[in-house]
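Participant: The following block contains a protein sequence and its predicted model.
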Number of protein chains: 2
Amino acid sequence: MADLYLAEARQLDAADPLAHFRDEFVIADPSVIYLDGNSLGRLPRATRARVRAVVDEWGTDLIDGWGRWLGVGRAAGDLVAEVVGARPGEVTLSDSTSVNLYKLAVAALDARPGRDVIVTDDGNFSSDRYVLDGVAAARGLKVRQVPTDLDDGVRLSEVERALDDQVALVCLSHVAYRSGAVADLAGVTAAARRCGALTLWDLCHSAGAVPIGLSAAGADLAVGCTYKYLNGGPGSPAFLYVRRDLQPELTQPIWGWFGQTDQFAMGRDYEPVRAIERFLVGTPPVLSGCAALEGARLSATAGIDDVAAKARSLTGYALRLIDDWLTPLGLRVASPRPARRRGAHVTLHHPAGWSICQAAKLAGVIPDYRRPRRIRFGFAPLYTRHVDVHTALARVRDLVTAGRHLDFPNEPEGLT
Amino acid sequence: MADLYLAEARQLDAADPLAHFRDEFVIADPSVIYLDGNSLGRLPRATRARVRAVVDEWGTDLIDGWGRWLGVGRAAGDLVAEVVGARPGEVTLSDSTSVNLYKLAVAALDARPGRDVIVTDDGNFSSDRYVLDGVAAARGLKVRQVPTDLDDGVRLSEVERALDDQVALVCLSHVAYRSGAVADLAGVTAAARRCGALTLWDLCHSAGAVPIGLSAAGADLAVGCTYKYLNGGPGSPAFLYVRRDLQPELTQPIWGWFGQTDQFAMGRDYEPVRAIERFLVGTPPVLSGCAALEGARLSATAGIDDVAAKARSLTGYALRLIDDWLTPLGLRVASPRPARRRGAHVTLHHPAGWSICQAAKLAGVIPDYRRPRRIRFGFAPLYTRHVDVHTALARVRDLVTAGRHLDFPNEPEGLT
């Protein structure tokens, strides 16, 4: 059977319209199959050149370099906007995802006075939950947690059940970090609007992986990172999205000079610009920002429709191999199966998940691990081939079959 | 006279124990005298190499690179701590200066419930004022503004006059951005403590320029940027300082996973670490952070005593030339004259300041301009020589004497 699967992989790769994008990335060791692009994307070749150029600009142009650098956040934002289905001027690079989540959450709550509930889900990413808990604690609000299926994400019906006229803000991840389950962005947005709440999406695991369609859904607010599928590099600046007509209505809580009208006039009173830069605060990190720009350019150039189709093809192919090879070994699929519900990573549950993850790395396959007992295989669409999926899953099959993971201690029970 | 001044400059440079640090920087065009290191420091040679190395680490090590990168903020923080006179573990890189100011201001206010006044000065940097205004507006507090002399900064006696038992927080710049005037950090800190308030210092224009002595003064809180005298590069991450014994007492408002105990356990509740990382939020920009690390290393290696002595020597020498050459031309010194009250930049007022600034750039001298009608000459101590001061001020003297600045329009009156 393995040979038929391999032949299929080669056929799929031969027909892949994005195949040449792999050449745009540095692949330092082709014998290692990197399936953690959902945590940190690969280094684009253009980024290596661009970062060197920007460092040289700093050395040569000194303060005058800012004439160019001030535009990086907006330029990258417009590329990200293409990827997330928003319009030019609705997205900018800014701060970290958590800081952006805080700014937009507070801005939204200020715009819904008298309402005292924030809705999120109990499986949401830790930092998102902490930020919301902190905001709720400071303002005396309640956080209402929608129950999540760890393997299947948040259901629209559960969100609707949590909505009433006390809800100011709904804050969810579009793609769940554990399972990769895709939430119903348009459905939740519409339901929240019907009850008068604003919606704030975390797009960290969806930008550059799945279609998002913020404008089509009329989404209010969103944040996300650029270092996963957008390949912006370690800790590259996050992005934020605010729907154009909402921009002048909202004021974020950290009043900094990068949001100020006529910034360098340093006027007495804070008068934020009526544009997406209204949500900026302080001086942005230029080297990391230029890396984010180059990374986002690749996804925008490839086009999100082709990118998402490739991701679905990779995860669909992976699921067939997993069903055949890994499920019989006790690795259970802990992700949704329908194509439209899948992100670009597939999660497998196994009681010895931690050990298998360590053994996989030794075998030249890099997944990552998330509690409880889950191995995530990320199939970043711009540089992962179907043959890579084949190689990686065959290695995992072989190591588990041989019991090589038993050489590694498992994660202690108490920590799961 | 010019020759005598030049001879003096050469003598001072020959005796300068930090002279060799100039070789650590990229000087792309030695004919241009760069006196804007107080806005953006020069590129260190080591940084160029380090950034290339980190980009390559990303390409090669991928997710495993985080094993090293997670330590960058603390390592850079410990170097900055040496420069600002704090202890290891009291400083870390984090976010931007304005975001840090917000976090620490709110943390301080939460620690002083029942008090409703923030004290700052009316000449403080715009972004600091905006941040404090935003915090005050959100919490229903008052901002009490100490009057500032634009040329001489904030006086301790004026701060003391503003203090009473309603003051929760005093927030000032240590070195004023316009005049370079040094505030009495120890005196203000002690006076604020006597009335039960916490003090938060902005060190943007002092870190790497003047002695600060946070520990000696028992300072509570501080923030600052790394891209001026610390030569961290455009928008390199800011730093924050919290005195060790205060760390467990304070909780900042943006509850993110980088402040969380056992961060990757992603536990249910936010339990911030009992260390300086408690004040972190989201994923830090690694490329820009490594640049900040290399920049800070140079100032720490040089030693703040020698660095500050060099800055005083440069500004003292500059003042002698200004008195002799420029004051007769109508350029008035708008900075304090005593050595202990001077930062590393000297500001000159002239009605045609904007025009002179533009003409100076054409003449190969790069100062910067700040309203109203002020030209700032920054003498970054690690790479500026006394002969550079001589060359630059002679060029300014000659262009004003010849009236070459009259070729440039002045800033419109309404904008000053």
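Facilitator: Nice, I can see it. Numbering: from 1, shown residues only, chains lettered A, B, ... in the order given.
Participant: use CA for all of it now, contacts and neighbours both
Facilitator: Will do.
Participant: what's the neighbour count on residue A:161?
Facilitator: Residue A:161 has 9 neighbours, counted by other Cα atoms under 10 Å in any protein chain shown.
Participant: To clarify, my last question referred to residue A:12.
Facilitator: The number of residues packed near residue A:12 is 19, by other Cα under 10 Å.
Participant: I figured it hits residue A:386, correct?
Facilitator: Yes - Residue A:12 lies in contact with residue A:386 (Cα atoms under 8 Å); the separation is 6.8 Å.
Participant: Dead centre of chain A: give me the residue that sits there.
Facilitator: For chain A, the residue sitting closest to the mean C-alpha position, by Cα atoms, centre = their mean, is residue A:204 at 1.9 Å.
Participant: which residues touch that one?
Facilitator: Contact partners of residue A:204, counting by Cα atoms under 8 Å, 6 or more residues apart in numbering or on different chains, are A:173, A:175, A:223-226, A:228.
Participant: among the residues you listed, who's most crowded?
Facilitator: residue A:226 (33 neighbours).
Participant: What separation do you get for that residue and residue A:72?
Facilitator: Residue A:226 is 14 Å from residue A:72, where distance means Cα to Cα, to the nearest Å.
Participant: Find the residues that touch each one of the two.
Facilitator: With Cα under 8 Å, 6+ apart as the test, residue A:226 and residue A:72 reach no residue in common.
Participant: Looking at the contacts of residue A:204, which are in strands?
Facilitator: With DSSP state E as the criterion, strands contain A:173, A:223-224 from among these.
Participant: out of those, who's nearest chain B?
Facilitator: Of all the ones in strands among the contacts of residue A:204, residue A:224 has the smallest distance to chain B: 11.6 Å, by Cα to the nearest Cα.
Participant: So which residues of the stretch 301-416 of chain A form strands?
Facilitator: Using DSSP state E, counting those that start in this stretch, the strands found in the stretch 301-416 of chain A span residues A:332-333, A:345-349, A:365-366, A:368-370, A:374-378.
Participant: Out of those strands, which gets nearest to residue B:23?
Facilitator: Distance to residue B:23, taken as Cα to Cα, is lowest for strand A:365-366 among the strands of the stretch 301-416 of chain A, at 42.7 Å.
Participant: check contacts around residue A:289.
Facilitator: A:72-73, A:93, A:236-237.
Participant: meant to ask about residue A:124
Facilitator: Taking Cα under 8 Å, 6+ apart, one finds A:172-173, A:176-177 in contact with residue A:124.
Participant: Quick check, residue A:46 in contact with residue A:293.
Facilitator: No - Residue A:46 lies out of contact with residue A:293 (Cα under 8 Å); the separation is 10.2 Å.
Participant: Which of those two has more residues huddled nearby?
Facilitator: A direct count of neighbours by other Cα under 10 Å for residue A:46 and residue A:293 places residue A:293 higher, at 28 against 17.
Participant: residues touching that one, list them.
Facilitator: Contact partners of residue A:293, counting by Cα under 8 Å, 6+ apart, are A:72-73, A:75-76, A:79, A:232.
Participant: what about 10 Å?
Facilitator: Residue A:293 sits next to A:47, A:50, A:72-80, A:93, A:226, A:230-232, A:236-237 when contact means Cα atoms under 10 Å, 6 or more residues apart in numbering or on different chains.
Participant: Equivalent analysis for residue A:15, please.
Facilitator: The contact partners of residue A:15, by Cα under 10 Å, 6+ apart, come to residue A:9.
Participant: measure it to chain B for me?
Facilitator: For residue A:15, the distance to chain B equals 27 Å [Cα to the nearest Cα, to the nearest Å].
Participant: And that residue, what's its pLDDT?
Facilitator: Per-residue pLDDT puts residue A:15 at 98.
Participant: repeat for residue A:410
Facilitator: Confidence score, pLDDT, at residue A:410: 88.
Participant: Excluding sequence neighbours, find me the nearest residue to it.
Facilitator: In space, and not counting its chain neighbours, residue A:410 is closest to residue A:355: 5.0 Å by Cα to Cα, 6 or more residues apart in numbering or on different chains.
Participant: okay but the one you found is in contact with residue A:396, surely?
Facilitator: No - shown here, residue A:355 and residue A:396 do not form a contact pair, counting by Cα atoms under 10 Å, at 11.5 Å.
Participant: Let me see the domain layout of chain A.
Facilitator: A:2-44+A:303-411, A:48-302 (automatic domain parsing).
Participant: which one of the ones you listed is the most hemmed in?
Facilitator: The highest mean neighbour count among these, using mean count of other Cα atoms under 10 Å in any protein chain shown, belongs to domain A:48-302: a mean of 22.
Participant: ok now that domain, how far from the chain's centre?
Facilitator: Taking Cα atoms, centre = their mean, to the nearest Å, one finds domain A:48-302 lying 11 Å from the centre of the chain it belongs to.
Participant: Span of it from start to end?
Facilitator: 19 Å.
Participant: give me every residue that touches residue A:125.
Facilitator: Contact analysis of residue A:125 by Cα under 10 Å, 6+ apart lists A:172-173, A:176-178, A:202, A:204, B:257, B:266-268.
Participant: Now, those that are in helices?
Facilitator: Among these, no member falls in helices (criterion: DSSP state H).
Participant: Can I get those in CSV including pLDDT?
Facilitator: Below are the contacts of residue A:125 laid out as CSV (pLDDT from 0 to 100):
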residue, pLDDT
A:172, 98
A:173, 98
A:176, 98
A:177, 97
A:178, 97
A:202, 98
A:204, 98
B:257, 97
B:266, 85
B:267, 88
B:268, 90
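Participant: Let me have these in a markdown table, extended by distance to residue A:334.
Facilitator: A markdown table is the format used below for the contacts of residue A:125 (distance: Cα to Cα, whole Å):
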| residue | distance to residue A:334 |
| --- | --- |
| A:172 | 19 |
| A:173 | 17 |
| A:176 | 12 |
| A:177 | 12 |
| A:178 | 8 |
| A:202 | 21 |
| A:204 | 19 |
| B:257 | 24 |
| B:266 | 18 |
| B:267 | 20 |
| B:268 | 21 |
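Participant: So which residues on the stretch 101-250 of chain A come close to chain B?
Facilitator: Applying Cα under 10 Å from any Cα of the partner chain, one finds that the stretch 101-250 of chain A approaches chain B through A:101-103, A:110, A:122-123, A:125-135, A:137-139, A:225, A:227, A:233-238.
Participant: the helices in chain A, which residues?
Facilitator: Under DSSP H, chain A gives helices at A:2-14, A:45-61, A:66-69, A:72-84, A:97-110, A:126-139, A:156-162, A:185-194, A:214-217, A:286-302, A:304-321, A:353-362, A:386-401.
Participant: Show me the one of those that comes nearest residue A:146.
Facilitator: Residue A:146 lies closest to helix A:156-162 among the helices of chain A, at 6.1 Å (Cα to Cα).
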